[in-house]
Structure formats: structure tokens, C-alpha cells
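> Build the 3D model from these lines:
(one chain, ligands or ions: 1)
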Amino acid sequence: MTTDAPPLLAVSGLAKAFSGVPALRGVDLDVRAGEVHGLLGANGSGKSTLIKILAGFHEADAGTVTVGGRTVRSPFGPRGLRDHGLGFVHQDLGLAGAGTVLEHVALDSCGGAAGWRRVNWRAERRRVGDLLDRFEIEVDPDAAIDTLSPVQRAMVAVVRAVGAQELSSDGSGQILILDEPTVFLPRHEVGLLFDLLRRLRDRGDAVLLVSHDLDEILEVTDRVTVFRNGTMAGTRTTAGSTRDDLVQLILGTRDEHVPKGSATVHRDRPAVLAARGLRGSRVRELDLDLFEGEVVGVTGLAGSGFEELPELLFGARPAAAGTVEHGGREMSRPSPARSMANGVVLIPADRKGQGGALELSVLENMSLPFLAGRARGLSVDWRGLRRRTQDTCDRLGVLPANPRALFGHLSGGNQQKALLGKWMDTEPKVMLLAEPTQGVDVGARREIFTLIRSAVAKGMGVLCATSDYEQLVEMADRVIVLDGGRISAEITGADITKDVLASAVYAEEAS
Ligand SMILES: Nc1ncnc2c1ncn2[C@@H]1O[C@H](COP(=O)(O)OP(=O)(O)OP(=O)(O)O)[C@@H](O)[C@H]1O
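As a prediction, this is how the structure comes out:
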């Protein structure tokens with residue numbers, strides 16, 4: 001790392017408001033050549049807004065950006081600062097499943113600022129091969145994107161951005177900006193992506209990495225900047241900073257762990273959900289009981305089957321065999337409608353694709369489960385629904401606490417809080433969660449755990465499928481580990497630690 005190097009990218013006094021509501025209130029940030037720089041901040045603190053301004057998606061209201069010593073003023077046009085050496089990898093990676101690696105990388109050399117031109121496939125094949133070789137990525141250029149593993153896709157998105165930078169600028173000091181690239185990656189593969197980021201840093205590039213995962217930030221970054229409520233809360237050198245330092249900077253207060261309660265397994269209580277001989281596309285002959293008032297975590301390696309369990313138990317994904325019981329009621333074929341009628345709700349991991357309708361308002365999204373109860377004939381009691389939504393938003397700290405706001409305009413963490421609040425309000429007996437705090441900041445995470453624990457104290461049963469060990473340590477009374485679709489370990493109470501979980505998950509792989 002080059003500590004005293006001049007910044008490759010310097011942002012100064014950048015401001016942006018949406019309909020008069022400030023998202024950025026004049027932030028500063030500098031990213032140097034030869035460093036991985038982390039950008040942290042609570043949900044809605046303005047990280048994506050900054051990146052979208054640099055990418056040309058939004059216009060800034062005020063402020064300047066200096067790239068490689070040259071000051072550029074917003075608006076930056078539809079290509080943003082790409083022609084100044086900035087490359088972007090957004091969370092969805094921007095790759096189309098059916099296209100090949102070669103086609104994706106070649107696309108950048110025939111479009112963009114240079115205008116359309118014919119593709120020289122032989123030259124493109126050489127360029128792609130060279131890019132993959134230089135960054136030691138073992139991927140076939142002719143492989144279709146949807147045949148690649150999640151981490152291979154992320155690495156292809158990164159080298160594609162690097163390749164595009166090399167085409168559109170003079171090749172000196174590149175700046176790569178990654179917006180939460182690890183959210184959809186299995187934990188054990190994140191290291192491969194980080195090795196790639198280190199290679200970029202070591203050749204003198206600057207990498208700006210947005211993440212909510214403090215362990216990742218501490219592992220891979222050299223410095224870190226924290227945004228709080230649209231302002232810059234501070235920049236720290238990572239070496240010597242602790243998790244608590246960062247949490248304090250993000251929240252303005254210290255982190256407090258949510259007490260788990262007694263953490264005993266209540267086998268004497270009624271099972272609110274049970275599965276016998278359940279088989280899915282990965283899950284094999286699984287027997288499971290979820291008792292009243294407990295949080296059961298389910299984890300494992302990618303492909304072990306833990307990811308599909310919430311959907312199988314809910315009926316959103318058909319089971320190949322087996323039965324599911326909701327509160328003692330046996331169903332050979334659970335369906336979402338029957339599950340909901342039995343008080344079982346599912347909060348899927350893909351909140352943007354499956355959890356909420358982005359183009360509807362917060363009010364419409366949060367009112368869906370209550371519409372039937374609030375309708376008389378063709379008229380709906382929207383005033384009552386608005387009151388309920390406002391109350392839930394206030395209680396959960398959903399920002400903006402405005403039922404009329406578009407759901408798609410809420411930051412990721414606020415969307416998740418709104419969805420959880422909606423389903424909590426239906427007072428379910430069982431909540432099935434898939435990666436419930438993906439993309440959610442430490443403060444909102446704590447609020448979500450508190451909410452879940454208070455519902456659990458009243459008897460709700462929770463099954464939470466996640467590869468986030470820390471979440472399991474904080475939240476679960478019992479964790480089952482899947483391997484090859486079958487339960488390979490069960491860990492309870494105080495035995496649930498990160499180390500124990502990691503060794504249980506990796507036990508089979510090591511043997
Ligand atoms: N297009 C938009 N219209 C209206 N408000 C918006 C729009 N985009 C963002 N906002 C608001 O601007 C604020 C900052 O949002 P932003 O997405 O930048 O936060 P973030 O730090 O990236 O959050 P997260 O970590 O949840 O992704 C939020 O209050 C958000 O609701």
C-alpha cells in the first residue's frame with residue numbers, strides 16, 4: 001500500500017437531494033493508487049447515491065470530483081466517469097446468463113464512446129484470454145455465464161470492468177468501484193474474489209469496495225471511509241482499527257449484542273412445523289422439527305441444500321417426496337396459499353425479485369396481506385392501512401417513514417425492515433427466513449434481531465437459512481448443518497460459535 005500517494009479519485013463536497021430530501025450532504029472521499037478502500041455506512045447513508053453519480057446515473061447538485069489530478073464537474077453524462085478510468089461492478093453484476101464470457105468482454109470494445117464497430121473476434125479472443133491469464137482466472141472464454149459458479153461470475157464482472165477501463169483510458173491508474181459484490185457469494189468463495197482485488201491493488205490500481213460485512217472490510221481493505229446520514233463520518237487506516245471502532249463510526253454508538261434468551265431446545269413444546277422424509281433438488285430425506293419459541297439456523301456449504309429448505313417448507317418450491325406439518329396439520333404438498341393460511345410466512349433472500357414490488361409504494365407493498373380484511377365490497381380502507389403502515393415504519397425505523405414513497409427507492413436495508421415488519425404484523429406462527437440480513441447494515445441488523453427475538457419470546461418459531469455464521473451465533477438457539485442434502489451436525493446453545501460452525505460446515509470437505 002502507498003500511504004502517501006496522491007489520491008487517484010478525490011470527491012469533494014458532493015451533494016444530492018431527491019425531491020428536496022438530501023441523500024448526500026456534501027461528502028468528501030479520497031481513494032489512492034495501490035489501495036483497497038472500503039466504503040461503509042448504514043442503510044440509506046448515501047453510498048449507492050455516490051456511486052450512481054460517478055457512474056452517470058444521477059446528477060450531483062453540488063461538489064467536484066478529481067480523477068488523476070483532473071477536476072471534472074457533474075453532470076458526467078450517460079457514461080459517467082468511465083472515460084476517465086473508472087470501472088464499475090454493480091451488485092447484480094450486469095451479466096446476461098445466456099451470453100458467453102467472450103461475448104460480454106467483446107461487447108465493451110464495440111460499443112461505448114467509440115461508437116459501434118465490427119467485432120474482430122480473433123483479437124477479442126486474444127484480449128479476453130490475456131485478461132483471464134493475467135488475473136489467474138480459470139474460466140473458459142466460451143463458457144456461458146449461467147454455467148459459471150457465483151464467484152466465477154463475480155470475477156468475470158471484475159475483469160470485464162478492468163478490460164473496459166484499459167480500452168477507454170490511457171491505462172495509467174485505474175479505479176475500480178464495487179457495490180456489494182459479495183452479497184450473493186457463498187462465504188467460502190469470497191476469498192477468491194479478494195485475491196483478485198489484491199492483484200489489482202498490487203499493480204497500482206485503486207479499488208473502492210462497498211460492503212456491510214465488517215469482517216470482509218477488515219480483511220481486505222487498507223483504509224475505510226464511513227458515511228453517516230449523507231455525511232462523511234470519518235476515514236481510518238484499517239490496520240489497527242477494530243470492529244467496534246467501525247461500528248461506532250457507522251452508528252455513532254457502540255454495538256450491543258441482543259440477548260438470545262435461555263438458548264435451550266424446547267423439545268417439550270409443541271412443534272409448530274415438522275418435515276418427514278423431505279426431498280428437494282438438493283435436500284435428501286430430511287426430518288426436522290421446529291418447536292414453539294425457538295430460532296433454528298440452517299447452514300452448510302453452497303449446494304448442500306440449506307438454501308432451498310425455506311422454500312421447500314413453504315411450498316414455493318415443490319418437494320420430490322416427504323411431508324410437511326404446520327402446527328400438527330400434515331400436508332403432502334404444501335403450497336404458499338396453504339402455508340400462509342396456517343400462519344407460516346416466507347421472507348425470501350431475493351427481496352428485490354421476490355419479496356417486494358419495486359414499482360409499488362411502501363403502503364401498497366406493506367398492505368398486501370391485509371387487503372382482504374380491509375375491503376368492503378370494492379372499496380378498501382386505505383386510511384386504516386396507511387395508519388398501520390406508518391405505525392410499522394415508525395416502530396421499525398424504516399426510512400423514509402413515508403408510506404407514499406416508492407418501495408424501489410428505499411435502500412436495501414430499509415426494504416428488508418419493511419418486509420419483515422409487514423409479515424410480523426400478520427402475527428405468524430412460523431417465519432421462514434433466507435439470508436435475512438443480506439445487504440443490511442449493523443444497526444438495522446440489530447433491530448431485526450431484536451424484532452425476531454421479541455416475536456420468538458411470544459411463541460413464534462423461526463427457521464433461518466444463512467451462510468452468515470455471525471448471525472447464527474447472535475440469533476439461533478439451535479443450528480443444523482447440511483451436507484449433501486442431509487443433516488451432518490446439530491449444534492445447540494452456547495456451543496454455537498463461529499469456529500464450531502465453520503469446522504462443522506467444512507468437516508466433510510476436509511475429510
Ligand atoms: N431514486 C431515488 N429517489 C428518491 N430517493 C432516493 C432515490 N435513490 C436513493 N434515495 C434515497 O436516498 C437515500 C440514500 O440512499 P442510498 O441508496 O444511497 O443508500 P445506501 O447507503 O447505498 O444504502 P444501502 O446500504 O441500503 O444500499 C435513502 O434515503 C434513499 O431512500
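> Let me see the contact set for residue 398.
When contacts are counted by C-beta atoms under 8 Å, 6 or more residues apart in numbering, residue 398 touches 362, 392, 410, 414, 417-418, 421. For glycine as for every other residue, the C-beta is placed from the backbone atoms N, C-alpha and C.
> Give me the pLDDT value at it.
The model reports residue 398 with a pLDDT of 86.
> Same question for residue 414.
Looking at residue 414, its pLDDT is 85.
> After the helix or strand it falls within, which helix or strand is next?
Using DSSP states H and E, residue 414 falls within helix 412-424. Note on helix 412-424: by DSSP H and E, the next helix or strand toward the C-terminus is strand 430-434.
> Dump that following strand to PDB, keeping only the CA atoms.
This file holds the C-alpha atoms of strand 430-434, laid out as PDB (Å, rounded to 0.1, in the frame of the first residue of the first chain):
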ATOM      1  CA  VAL A 430     -43.700 -19.700  11.800                       C
ATOM      2  CA  MET A 431     -41.300 -17.400  10.000                       C
ATOM      3  CA  LEU A 432     -39.000 -18.900   7.300                       C
ATOM      4  CA  LEU A 433     -36.100 -16.700   6.500                       C
ATOM      5  CA  ALA A 434     -33.500 -16.900   3.800                       C
END
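> quick check: angle from the helix holding residue 414 to strand 430-434?
Per axes from the mean of the first three to the mean of the last three C-alpha atoms, to 10 degrees, the angle that helix 412-424 makes with strand 430-434 is 160 degrees.
> contacting residues for residue 148?
101, 139, 156 are the contacts of residue 148 under C-beta under 8 Å, 6+ apart.
> wait, which of these is closest to the ligand?
residue 156 (23.2 Å; C-beta to the nearest ligand atom).
> count of residues packed around the residue in the stretch 351-500 of the chain that the ligand sits nearest to?
With C-beta to the nearest ligand atom as the measure, residue 411 is the residue of the stretch 351-500 of the chain nearest to the ligand, at 2.9 Å. Using other C-beta atoms under 10 Å, the number of residues around residue 411 comes to 24.
> out of the contacts of residue 398, who's nearest residue 34?
Of all these, residue 34 sits closest to residue 414, with 35.2 Å by C-beta to C-beta.
> Enumerate every residue touching the closest one.
43-44, 398-399, 444.
> Now find how far off-centre the helix holding residue 414 is within its chain.
In this view, helix 412-424 has its centroid 14 Å away from the chain centroid, taken as C-alpha atoms, centre = their mean, to the nearest Å.
> likewise stretch 12-23?
Using C-alpha atoms, centre = their mean, the mean C-alpha position of stretch 12-23 is found 24 Å from that of the whole chain.
> Mind checking the pLDDT average for that stretch?
On average, stretch 12-23 scores 92.
> Tell me if it is near the ligand.
Yes. Contact of stretch 12-23 with the ligand (C-beta under 6 Å from any ligand atom) involves 18, 23.
> buried set for that stretch?
Buried residues in stretch 12-23, counted by 16 or more other C-beta atoms under 10 Å: 14-16, 22-23.
> what domains does the record give for this structure?
For the chain, automatic domain parsing gives the domain ranges 7-251, 256-343+429-511, 355-427.
> What are the contacting residues of the helix or strand that contains residue 64?
Per DSSP H and E: residue 64 is located in strand 62-67. Under the criterion C-beta under 8 Å, 6+ apart, residues 7-15, 26-27, 54, 71-74, 76, 81, 84-86, 175 lie in contact with strand 62-67.
> now, which of the residues you listed lie within strands?
When DSSP state E is applied, the contacts of strand 62-67 are split such that 7-15, 26-27, 71-73, 86, 175 fall in strands.
> which SS state does the nearest residue to residue 229 once chain neighbours are set aside fall under?
Distance criterion C-beta to C-beta, 6 or more residues apart in numbering; nearest residue to residue 229, sequence neighbours excluded, is residue 45 at 6.0 Å. Here residue 45 takes the coil state, with states given by DSSP: H, G, I helix; E, B strand; the rest coil.
> Quick one: residues contacting residue 45.
Contacts of residue 45 (C-beta under 8 Å, 6+ apart): 227-230, 441.
> again with residue 28
10-14, 232.
> Repeat that for residue 308.
Going by C-beta under 8 Å, 6+ apart, the list of residues near residue 308 reads 280-283, 317.
> and the closest residue to it other than its chain neighbours, how many residues sit next to it?
Nearest residue to residue 308 in three dimensions, chain neighbours excluded: residue 280, at 5.0 Å (C-beta to C-beta, 6+ apart). When neighbours are counted by other C-beta under 10 Å, residue 280 registers 20.
> Then residue 287?
Using other C-beta under 10 Å, the number of residues around residue 287 comes to 12.
> was I right about it contacting residue 277?
Yes. Applying C-beta atoms under 8 Å as the test, residue 287 and residue 277 come out as touching, 6.9 Å apart.
> Is residue 295 bridged to anything, and to what?
Residue 295 has these beta-bridge partners by DSSP bridges: residue 462.
> got the CA positions of the strand holding residue 64 in PDB?
C-alpha atoms of strand 62-67 as PDB (Å, rounded to 0.1, in the frame of the first residue of the first chain):
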ATOM      1  CA  ALA A  62     -23.000  20.400  -5.900                       C
ATOM      2  CA  GLY A  63     -19.400  19.400  -5.400                       C
ATOM      3  CA  THR A  64     -16.500  18.300  -7.600                       C
ATOM      4  CA  VAL A  65     -14.700  15.100  -8.500                       C
ATOM      5  CA  THR A  66     -11.000  15.000  -9.300                       C
ATOM      6  CA  VAL A  67      -9.700  11.900 -11.200                       C
END
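> Listing partners with orientation, what would you give for it?
The pairing partners recorded for strand 62-67 under DSSP bridges are strand 7-18 (antiparallel), strand 70-73 (antiparallel).
> chain center to the last one: distance?
Put simply, strand 70-73 sits 32 Å off its chain's centre (C-alpha atoms, centre = their mean).
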